[in-house]
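Visitor: What would the 3D arrangement of this be:
(chains A, B, C, D and E, ligands or ions: 4)
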Amino acid sequence: MLELKNVHGGYGKVTILNGVSFTIPKASITTVIGPNGAGKSTVFKAIFGLLNIHSGQILLDGKDVTRQSPRQMIEQGVTYVPQGRNVVPQLSVYHNLELGGITASDQDRVRARIETVMDQFPMLREFRNRKAIELSGGQQKQLEVARALLLDPKLILIDEPSIGLSPNLVQEVFRTLIRLRDQGVTILMVEQNAKAALAMSDDGLVLELGQTRMHDKAETLLRDPRVGQLFLGGHIETAQSH
Amino acid sequence: MSQFLQVMLSGLATGSIYALVAIGFTLVWQAAQTVNFAQGEFVMLPAFFVLAAMKLLGMPFWSALLLGLAISLLVLGLLFKKLIVEPILPHGGITLIIATMALGILLKESVKEFYSAEAQPFPSLFPARHLDFHGAVLSLQDIFNLVLCLAIVVSLTLFLNRTRTGRCMQATAQNPAVAEILGVNVKRMILYTFLINAGLAAIASFLITPVYLAKFSNGESLGLIAFIAAIVGGFNQIRGALVGGLLIGVLDNLTATYVTAEYRAALPLVLLIAVILVRPQGLLGTKEGRAV
Amino acid sequence: ADTVKLGMVAELSGAGAPAGTNWRDGIKIAAEEINAEGGILGKKVQIDEYDTQTDPQVSRALVQKAIDGGAYVILGTIYSGSTMVNMLVAQQNSMPQFVGSESPAVVQKGNPFVFRTSSGAQKGVPALTAYFKDTLKAKTVGVAWVNNEFGKGGHTVFLKEMEKAGIKVIADVPSEQAQTDYAADVAKLKQAAPDAVFVYMNQEESARFLIEAKKQSLAMPLVGEVTLTEAKVIELAAGSAEGAIAHVGLTATATDVPGIAAFATKFEATFKRKPTHDAIKGYIGAWTTKYVTEMVGKFDGEAFSTRMHGLCLKVADHPKILMDTCWDDTGEMSRPSFMVQVKNGTPVVIGQVPAN
Amino acid sequence: MTKVNKGFIVAALLLAVAIVAPIGQGNYITYTLASWLVFSIAAMGLNLTLGYAGQISLAQASFMAIGAYITALLTLSGWHWMAAMPLGVIACFIVGLLLGYPALRLKGHFLAFVTLAFNTLVFLVLRNEEWLTGGSYGLTGMPRPGFGLFTTMKQFNFYYFTLAVTVLAALVMWGIVRSPWGRAFTALRENPIRAESLGVDTRRITLLAFAIGSAYGGLAGSLIAPLVQFIEPGSFGLAHSLRILLMVIVGGAGYFGGPFLGAAVVILLPEMLRFTQGYYLIIYSALVIVMLIFVPAGLMGMGQRLREKFWPGRQQRADMAEGARLK
Amino acid sequence: MSKPVLSVRNIQKSFGGIKAVRGVSFEVQRGEILGLIGPNGSGKSTLFNCILGQLPADTGEVEVNGKPVSNIRPSDLNKLGVGRTFQQLSVFPKMTVLDNVILAGQEHRGTMLSRLFGPGDAGLTAEAEKMIEFFRLTPYRDTPAGSLSYGQQKLVDAAMAFMAGPDLVLLDEPAGGVNLTMLANLKDRLVAYNAEHGTTFVVIEHNMEFVMSLCTRIIVLAEGAVIAEGSPAEIRANQTVIDAYLGG
Ligand SMILES: Nc1ncnc2c1ncn2[C@@H]1O[C@H](COP(=O)(O)OP(=O)(O)OP(=O)(O)O)[C@@H](O)[C@H]1O
Ligand SMILES: Nc1ncnc2c1ncn2[C@@H]1O[C@H](COP(=O)(O)OP(=O)(O)OP(=O)(O)O)[C@@H](O)[C@H]1O
Ligand SMILES: [Mg+2]
Ligand SMILES: [Mg+2]
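Guide: Residues are numbered from 1 along each chain as shown, chains lettered A, B, ... in the order given. Ligands and ions are numbered 1, 2, ... in the order given. Got it, this is the predicted structure:
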């Protein structure tokens, strides 16, 4: 479905990605983990056409999509939820949602979808006429996640959806992702909440210093002691014991 | 009494002109989050396009007007966006502001060098009919300006808030990065903004030049007053420009008539500073929401 | 060298550009004519242009630059604010300077090197007193003036003159330079209803004032000094200038003066527009340079200035001076002048005022 | 440390250039160079307010006016410049402090408006209060200061006098921006809310940014008075404030050397273009636009751009040297 | 017991029609690590902002060490020894990481005047470098903070909160986006600070593992009001909390 071949790229003069290669199969969930600053978000930007790629290739369904613009990526069924806050501050919640479907030709369908996601995240319905900037951190994140679900993407790139979400909503988001996968959507996700994320994923990918270090079944990674030690907060248990 | 009425009405009429130019400021702000300091020159220039078309091409007035509008859209809309806004906008507002200041000088000096340094008469779009209200005189043009201004404010507000394109333009201005990843055609939205702005500037130009006369330096004070009007009304609301413009027009005339002519430029400013300090977001402006 | 440099320092850009460019173009015509007649003392005239951007500080720097560049006389500036500064530099370098400024202060500083090309407001405005008093028989007047150094000069003299003549000034309305909205100004005058109004502003301001006056049907006679009836003002104000009256020193419309008619024709042929009085002033400045230098017989600023004081040039001997002209010991200038009124869209001479 | 040393060498070189620049030049060039120095001082002040502290001010020319009029009035009435100047500077400091108050409530273009209005007010007061300021005729004939045997009546001497003042002013500014204050100013620009929560007294820092910037405007004004020996309200209008703003941006806002470069471009470039006659303002403004398109960070940012252009080599990510933990 | 480090009484705050905080009161004793949890939009951040003077509360009083601080400005509060972090990224983007961290400490050194004449780094470089080292940011010492990754900026923010040597620190979602291993370090750091200096912490967090293992006491907010309070174990077992927040 999505394949990265030895991608190098970065910001300005600095090279951040030093050869990232992986393939993810269709209708699967792959979680990317790695230390802060490893280049996880940068990989997403590279895929979505937001990065200066020096070399390498990105293939979507076998088609070369290296250096395509975000709009072209959206046209090919890719959506992207970046890390951090990404709302249009002065527009209402509803209009922010609507922007999520702005590229769709069938606007009635988008409107119907909006109703559905508002059922899923009731807060959005309650606050539909408020400015996005006025929402709390987690509420804004809900808005963003909901916004990504309005089109019919075949690939969702979602960067740390759990930041700022309360535990029950994290579960809700994960459930939604699983449901989407079951419908045939491919999901590539970054999560620091890695244990929970890997537990629901098919595959896991470890990124470090801008390189793919490991790529395996999610359970395998979860059980790998080195991974646990280095990236899953291995000694949280030990800390708990005293 | 008739003096007071005259001053009020004239103030409103002038104010509507300020408002017309000020709308451009608020529009560019709402759709690109920047300030075009060449706005005054944008209003000065279209009249010269028309004059040039009449003088050099020998066109009749009305077709020259149309040609002037078209050239304005091309030069002040398309070219401005392509050559100046697009390359500089990513580097931040203040850089673009300085660039537009330089552009203002460029336009002004070009008109002076290539057309004329002297003021030129400009035909009026309206018959010179004057209406009498209890001893105060108002021209047909004044009334038209007021009505048009109102209509533009209403339709632009509706367009920006009620249409999807309008909201895409706002999204582009407020958070271009997000607009881009959602698939909004950011460049096109910016183009729309500047095309509308150019159109407005051209209309304002055709309306005011018969009275203000066509002169290369006309933009200086007009741009400044309109900028003030936009701020006072509230930069993030189109209708703020209307209120700000009318307020300044009236205050200026009242000051000059009843208080002081030497300080006529100052008193409105002082009043407005007071207003701004009480309502930092401008009269009709809305707060920008949470900061923490 | 076989050329002599004239330093033309004027307002070629900024607010004063219209005046400055006319001044320059008048000088250009003069330079061509002078060169065609063999130059000054056999040397060709070369005009060095310096643009002050209507900024006094820049004008000062540029007079300095013109002097560094070897100019023989300075021609300019027109705005009194600029002249007041840069004439100090010319004076320090004993450099004769012809200015287009009309502010009284220019010739009151005891600068022996500065010479006017038109008479100052303190001469022009008093010439009007008789008109207000005897012709219009005004008991009360209003004055609408532009609040810059140009307008202020005229305003001060006017108030003094009216007081002397026993005419009451019942409305005193200052306005800003480049002002566009004259509604309040005219409304005030209308309310006060004086017998006549003295209008003392620059060109476009005059035109805008006249348009508004017409709109509010201001009924009393509007009388100005020089600008009010200039061709440009009439063109700009269109029908609204009808009936406006002014006292003018030199006007391109005084076509019964042969020199002026010839100049106006040549100017229009060259520049495709009508000359203003600034153009005529520049022209006269350049020609006077030639005449007086040749009287002195050498290029010597001190001698030139000494010769200028108390000098009278007659058209009979010096045709390009256009009208008989005299300079006094302060550099002030006098020559006969006209009263002009706009009739059917053209200024018509309605009377001559003798030199004062 | 090496960075500081490099800056020091550049500064020393520039100073050397500034010292020899007027030698063998005419009065006019010397005069222009002196006005470059004066405007550099004014721009330096605005650079602190705008470039470092991020507070938009469109009123720098009016502080030059205040400094210039105070100096002019006092020196005309017989004071020595050395006594008059501090008064002008202090007055500007205080007025700047007051002008800073709106900045505590207002941001962005609202602040721009208030400062713009202030500039207009100062202009009107100078023009209308003729009894004090000479109105639109201005004040003329201010004496240039003398120091024993060294008199500055000559253009040449006055230039060196101005240069000395400029160097002192630059040293003081350097002291300010490299002290913790400088960091606090930048923090105010970058993220005032976070700065406040870290103990930065943003009110005081905002006011100081205005006051110090204005004091530099005042200093420039007190030099303009004896330099031009004529001042009038029109020389301190809004257009001149914008010109100083242009200097700051063109030079590179927030760079220490920016104002000097910017002032040089804004003052000297038109001089160099003057041979193009009427077209020089057109060419000049077009050049400024082109420059902003290609080097938006101002001329000071250009060095960096050029370095990147000619030494395009890629750079490794910062943490590469640490090595991977997962082998 | 001694005076509470922080005492909050009846804080209320509405935005237009929305009652974000509806009369919250609590006390924090010296040396406590208090957790503040609750669903999105329950008013946690708003409560922090009211306590810290970033937003004016509609009603209510706040005392720090027995001193009323209701109308005090954040900078003065910070000088009383109260540090904080923000929920959203909040660094000085164009300043280097080192400058960010030094700035956080410099305002506590000397007076306004001495800072003008003192050394450029206020003598803080060594201390700041140690802090940077701890958060594994040494390679980024001279990088502008704005070009760090999300998690790295979060760490810079945390580092800044510690630079002033605070008495009381309020942390708004310190764990968001931070790698679990680094998070464990952060937790150790908090615990160590708490043990060594008696520093008191109030932590807003949605990462339950982190909160439960770190805090000594937890307050749960929902719709602007306190709905539960107790030890981690009690909270974990509380059905209301499970329904409103933790989920099944
Ligand atoms: N805009 C930028 N400009 C320059 N460098 C950047 C930029 N964004 C990120 N970097 C650098 O790129 C590297 C990788 O960043 P990235 O955001 O991809 O990390 P990440 O793996 O997503 O980390 P996190 O878990 O903290 O989100 C970091 O070292 C960071 O310093
Ligand atoms: N400036 C504001 N204007 C309007 N409403 C606001 C504003 N700030 C906060 N609110 C509202 O107040 C409520 C509480 O917000 P707050 O940010 O305190 O929530 P929170 O508990 O921190 O949530 P989260 O866990 O998502 O960060 C929310 O409903 C929010 O929409
Ligand atoms: Mg990331
Ligand atoms: Mg929150």
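Visitor: Centre-most residue in chain A?
Guide: For chain A, the residue whose C-alpha lies nearest the mean C-alpha position (C-alpha atoms, centre = their mean) is residue A:158; its distance is 0.9 Å.
Visitor: where does that residue fall, phi/psi-wise?
Guide: Reported as degrees, to the nearest 10, the phi and psi values for residue A:158 are phi -130, psi 120.
Visitor: Quick check: bridge partners of it?
Guide: According to DSSP bridges, the partner residues bridging residue A:158 are residue A:81, residue A:189.
Visitor: ok, now which ones touch it?
Guide: With contacts defined as C-beta atoms under 8 Å, 6 or more residues apart in numbering or on different chains, the neighbours of residue A:158 are A:80-81, A:145, A:148, A:177, A:187-190. To be clear about C-beta, it is placed using only N, CA and C from the backbone, and glycine gets the same treatment.
Visitor: Could you do residue A:216 as well?
Guide: With contact taken as C-beta under 8 Å, 6+ apart, residue A:216 is in contact with A:203-204, A:224.
Visitor: Where does pLDDT dip in chain E?
Guide: Judged by pLDDT under 70, chain E has its weakly predicted residues at E:1, E:248.
Visitor: Backbone dihedrals for residue 145, please?
Guide: Just going to use chain A. Per-residue torsions, residue A:145: phi -60, psi -50 (degrees, to the nearest 10).
Visitor: nope, chain E
Guide: Listed backbone geometry of residue E:145 is phi -60, psi -30, with angles given as degrees, to the nearest 10.
Visitor: Residue A:54 too?
Guide: Dihedral angles of residue A:54 (phi, psi; degrees, to the nearest 10) stand at phi -80, psi -40.
Visitor: who's in contact with it?
Guide: A:8-10, A:15, D:314 are the contacts of residue A:54 under C-beta under 8 Å, 6+ apart.
Visitor: Closest to ligand 1 out of the residues you listed?
Guide: Comparing those against ligand 1 with C-beta to the nearest ligand atom picks out residue A:10 as the nearest, at 7.3 Å.
Visitor: on that earlier part again, could you say which of the contacts of residue A:216 is surrounded by the most neighbours?
Guide: For the contacts of residue A:216, the largest number of neighbours (other C-beta atoms under 10 Å in any protein chain shown) sits with residue A:204, at 25 neighbours.
Visitor: ok, the helix or strand containing that one near ligand 1 or not?
Guide: Secondary-structure assignment from DSSP states H and E places residue A:204 in strand A:203-208. No: looking at strand A:203-208 against ligand 1 by C-beta under 6 Å from any ligand atom, there are no contacts, and the closest approach is 6.6 Å.
Visitor: how about that strand, does it reach ligand 3?
Guide: No: judged by C-beta under 5 Å from the ion, strand A:203-208 and ligand 3 are separated, with a smallest distance of 10.1 Å.
Visitor: who's in contact with that strand?
Guide: Defining contact as C-beta under 8 Å, 6+ apart, one finds that strand A:203-208 is touched by A:20, A:22, A:24-25, A:28-35, A:38-40, A:43, A:198, A:212-218, A:220-222, A:227, A:231, D:324-326.
Visitor: Please indicate which of these are buried?
Guide: Among the contacts of strand A:203-208, those that count as buried by neighbour count (16 or more other C-beta atoms under 10 Å in any protein chain shown) are A:20, A:22, A:24, A:28-35, A:38-40, A:43, A:198, A:212-215, A:218, A:221-222, A:227, A:231, D:326.
Visitor: Among these, which ones are in helices?
Guide: Members of these lying in helices (criterion: DSSP state H): A:40, A:43, A:198, A:218, A:221-222, A:227, A:231.
Visitor: TSV please, covering these and showing distance to chain E.
Guide: As requested, these are arranged in TSV below (distance: C-beta to the nearest C-beta, whole Å):
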residue	distance to chain E
A:40	8
A:43	12
A:198	11
A:218	16
A:221	13
A:222	12
A:227	10
A:231	6
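Visitor: can you tell me which of these are up against chain D?
Guide: Among these, proximity to chain D is found for A:227, A:231 (C-beta under 8 Å from any C-beta of the partner chain).
Visitor: Spatially, which two of the contacts of residue A:54 are the most separated?
Guide: Pairwise distances across those peak at 10.5 Å for A:9 and D:314 (criterion: C-beta to C-beta).
Visitor: quick one: common contacting residues for the two?
Guide: When contacts are counted by C-beta under 8 Å, 6+ apart, residue A:9 and residue D:314 have A:15, A:54 as shared neighbours.
Visitor: Of those two, give the one with the bigger neighbour count.
Guide: Looking at residue A:9 and residue D:314 with other C-beta under 10 Å, you find the greater number of neighbours at residue A:9, namely 23 against 11.
Visitor: Identify the residues contacting that one.
Guide: With contacts defined as C-beta under 8 Å, 6+ apart, residue A:9 is in contact with A:15-17, A:42, A:46, A:51-56.
Visitor: what's the answer for residue C:292, then?
Guide: Shown here is residue C:292, whose contacts under the criterion C-beta under 8 Å, 6+ apart are C:304, C:307-308, C:311.
Visitor: Over to residue A:95?
Guide: Contacts for residue A:95 (C-beta under 8 Å, 6+ apart) come out as A:88, B:167.
Visitor: Same check on residue E:125?
Guide: Residue E:125 sits next to E:98, E:102 when contact means C-beta under 8 Å, 6+ apart.
Visitor: Which single residue in chain D comes nearest to ligand 4?
Guide: With C-beta to the ion as the measure, residue D:193 is the residue of chain D nearest to ligand 4, at 14.8 Å.
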